[in-house]
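S.K.: curious how this folds, go ahead:
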Amino acid sequence: MQNENGENVDLYIPRKCSWTNRLIRAKDHGSVQINVANVDPVTGLYTGESTAFALAGYIRDKSEGDMAFTALVEANDKKMLASQE
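M.R.: Predicted structure coming up:
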(Lines give C-alpha, C1' and ligand atoms only; values in the text may rest on other atoms or scores of the structure.)
Protein backbone atom coordinates (compact mmCIF):
# COMPACT_ATOMS: atom_id res chain seq x y z
CA MET A 1 0.00 0.00 0.00
CA GLN A 2 1.25 3.52 -0.79
CA ASN A 3 0.53 6.84 0.84
CA GLU A 4 -0.16 10.15 -0.94
CA ASN A 5 3.58 10.71 -1.54
CA GLY A 6 3.97 7.35 -3.33
CA GLU A 7 6.02 5.75 -0.54
CA ASN A 8 5.48 2.11 0.51
CA VAL A 9 3.94 1.95 3.97
CA ASP A 10 3.34 -1.80 4.21
CA LEU A 11 5.03 -3.56 7.09
CA TYR A 12 5.65 -6.73 5.06
CA ILE A 13 5.96 -7.08 1.30
CA PRO A 14 6.03 -10.77 0.31
CA ARG A 15 8.59 -12.03 -2.18
CA LYS A 16 7.86 -14.33 -5.11
CA CYS A 17 9.86 -17.39 -6.00
CA SER A 18 11.87 -16.64 -9.14
CA TRP A 19 11.36 -20.19 -10.43
CA THR A 20 7.70 -20.99 -9.65
CA ASN A 21 6.26 -17.48 -9.11
CA ARG A 22 4.73 -18.68 -5.83
CA LEU A 23 4.49 -16.21 -2.99
CA ILE A 24 7.09 -16.84 -0.30
CA ARG A 25 5.31 -16.59 3.02
CA ALA A 26 6.86 -15.07 6.13
CA LYS A 27 6.99 -18.48 7.83
CA ASP A 28 8.84 -20.19 4.94
CA HIS A 29 12.17 -20.61 6.72
CA GLY A 30 13.58 -22.81 3.94
CA SER A 31 13.51 -20.05 1.34
CA VAL A 32 16.64 -18.18 0.25
CA GLN A 33 17.44 -15.05 -1.69
CA ILE A 34 20.74 -15.03 -3.59
CA ASN A 35 22.23 -11.94 -5.20
CA VAL A 36 24.30 -12.69 -8.30
CA ALA A 37 26.83 -10.10 -9.48
CA ASN A 38 26.45 -8.64 -12.97
CA VAL A 39 29.70 -8.93 -14.91
CA ASP A 40 30.74 -6.94 -17.98
CA PRO A 41 31.01 -9.51 -20.82
CA VAL A 42 33.93 -7.69 -22.48
CA THR A 43 36.21 -7.02 -19.51
CA GLY A 44 34.92 -9.67 -17.09
CA LEU A 45 34.78 -7.11 -14.28
CA TYR A 46 32.02 -6.61 -11.73
CA THR A 47 29.76 -3.73 -12.82
CA GLY A 48 28.60 -2.81 -9.31
CA GLU A 49 25.09 -4.16 -9.89
CA SER A 50 23.51 -7.47 -8.95
CA THR A 51 20.42 -9.50 -9.73
CA ALA A 52 18.40 -11.05 -6.90
CA PHE A 53 16.89 -14.53 -7.19
CA ALA A 54 14.50 -15.86 -4.55
CA LEU A 55 13.88 -19.60 -4.22
CA ALA A 56 11.00 -20.95 -2.15
CA GLY A 57 11.55 -23.63 0.45
CA TYR A 58 9.23 -25.86 -1.59
CA ILE A 59 11.76 -26.01 -4.44
CA ARG A 60 14.67 -26.58 -2.10
CA ASP A 61 12.74 -29.30 -0.27
CA LYS A 62 12.24 -31.15 -3.57
CA SER A 63 16.04 -30.97 -4.21
CA GLU A 64 15.48 -28.85 -7.32
CA GLY A 65 17.08 -25.68 -5.99
CA ASP A 66 20.41 -26.15 -7.76
CA MET A 67 18.78 -26.90 -11.11
CA ALA A 68 16.40 -23.95 -10.78
CA PHE A 69 19.14 -21.54 -9.74
CA THR A 70 21.40 -22.61 -12.62
CA ALA A 71 18.59 -22.20 -15.17
CA LEU A 72 17.68 -18.76 -13.79
CA VAL A 73 21.28 -17.52 -13.93
CA GLU A 74 21.77 -18.86 -17.48
CA ALA A 75 18.56 -17.15 -18.63
CA ASN A 76 19.70 -13.92 -16.97
CA ASP A 77 23.10 -14.18 -18.73
CA LYS A 78 21.43 -14.57 -22.12
CA LYS A 79 19.18 -11.58 -21.40
CA MET A 80 22.17 -9.45 -20.31
CA LEU A 81 24.16 -10.40 -23.42
CA ALA A 82 21.21 -9.60 -25.68
CA SER A 83 20.82 -6.16 -24.10
CA GLN A 84 24.54 -5.45 -24.60
CA GLU A 85 24.32 -5.93 -28.39
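S.K.: rest of the way, CA atoms for contacts and neighbours
M.R.: Fine.
S.K.: pick out the residue closest to the middle of this structure.
M.R.: residue 53 (1.8 Å; Cα atoms, centre = their mean).
S.K.: does it touch residue 31 like I think?
M.R.: No: in this structure, residue 53 is not within contact of residue 31 by Cα atoms under 8 Å, at 10.7 Å.
S.K.: give me every residue that touches the residue nearest to the centre of the chain.
M.R.: 17, 18, 33, 34, 35, 36, 69, 72 (Cα atoms under 8 Å, 6 or more residues apart in numbering).
S.K.: which members of the residues you listed define the maximum pairwise distance?
M.R.: Taking Cα to Cα as the measure, those span a maximum distance of 15.4 Å, between 17 and 36.
S.K.: that older thread, okay, and the residue nearest to the centre of the chain sits in which element?
M.R.: Assigned by DSSP states H and E, residue 53 belongs to strand 46-55.
S.K.: for that strand, buried residues please.
M.R.: 53, 54, 55 (16 or more other Cα atoms under 10 Å).
S.K.: again with stretch 18-25
M.R.: Residues 18, 19, 24 are the ones in stretch 18-25 that count as buried (16+ other Cα under 10 Å).
S.K.: before we move on, what about stretch 69-85?
M.R.: residue 69.
S.K.: pLDDT score for the residue of the chain most remote from its centre?
M.R.: Using Cα atoms, centre = their mean, the residue of the chain lying farthest from its centre is residue 4. It sits 29.1 Å away. As predicted, residue 4 sits at a pLDDT of 88.
S.K.: what of residue 85?
M.R.: Residue-level pLDDT assigned to residue 85 equals 67.
S.K.: and residue 48, by the same measure?
M.R.: For residue 48, pLDDT reads 93.
S.K.: residue contacts, it?
M.R.: 37, 38.
S.K.: and the angle for the helix or strand of the chain with the lowest mean pLDDT with strand 46-55?
M.R.: Lowest mean confidence among the helices and strands of the chain (mean pLDDT, DSSP states H and E): helix 65-84, at a mean of 91. Helix 65-84 and strand 46-55 are oriented at 140 degrees to each other (axes from the mean of the first three to the mean of the last three Cα atoms, to 10 degrees).
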